[in-house]
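**Student:** The amino acid sequence is not available; the structure is as follows:
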């Protein structure tokens, strides 16, 4: 990744405040960390900040992490999504991949080094996707310009 890690904004949504505090303590020097104790707070942050990677707990009081991730796809398609849970549930894993477009499924309790590596992989994916999108947009613009030039040539 060409940009410094501090450029990247990571949002972690979890109803357990001690998990949020631990995450922030571990990663605040690596990335700009945003935390939310519920989906409404998480959505507010998503609407106010450019978030590059989202980590959410699966089991929260008002909704599941999968439901949250699925609900934001339309308005926030760019961030890479990760699901963090203490429960091994194959149905949740399948739903996470199929509905929430989840990049990685992480078991609690997380190991700091493993989670850091997974986040780095997610941010690399974000960067690659963004670069791919920019290239596609440039190609589309070039195609429009080329079409215009060809039409002008044919008309003259």
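**Tutor:** Structure's in. What do you need? Small disclaimer: the values here were computed from a predicted structure and weren't measured.
**Student:** okay but residue 78 is in contact with residue 132, surely?
**Tutor:** No - in this structure, residue 78 sits apart from residue 132 without contact. The criterion is C-beta atoms under 8 Å, and the distance is 11.5 Å. To be clear about C-beta, it is placed using only N, CA and C from the backbone, and glycine gets the same treatment.
**Student:** after the helix or strand of the chain with the lowest mean pLDDT comes which helix or strand?
**Tutor:** For the chain, the helix or strand with the lowest mean confidence is helix 90-98, at a mean of 69 (criterion: mean pLDDT, DSSP states H and E). Next helix or strand after helix 90-98 toward the C-terminus (DSSP states H and E): strand 102-107.
**Student:** Can you tell me the SS state at residue 84?
**Tutor:** Following DSSP: H, G, I helix; E, B strand; the rest coil, we place residue 84 in the strand state.
**Student:** Quick check: the gap between the residue nearest to it when sequence neighbours are not counted and residue 78.
**Tutor:** With C-beta to C-beta, 6 or more residues apart in numbering as the criterion, residue 84 has its nearest non-adjacent residue at 4.7 Å, and that residue is residue 106. Remark: distance between residue 106 and residue 78 (C-beta to C-beta, to the nearest Å) = 20 Å.
**Student:** between those two, who's got more neighbours?
**Tutor:** residue 106 (17 against 12; other C-beta atoms under 10 Å).
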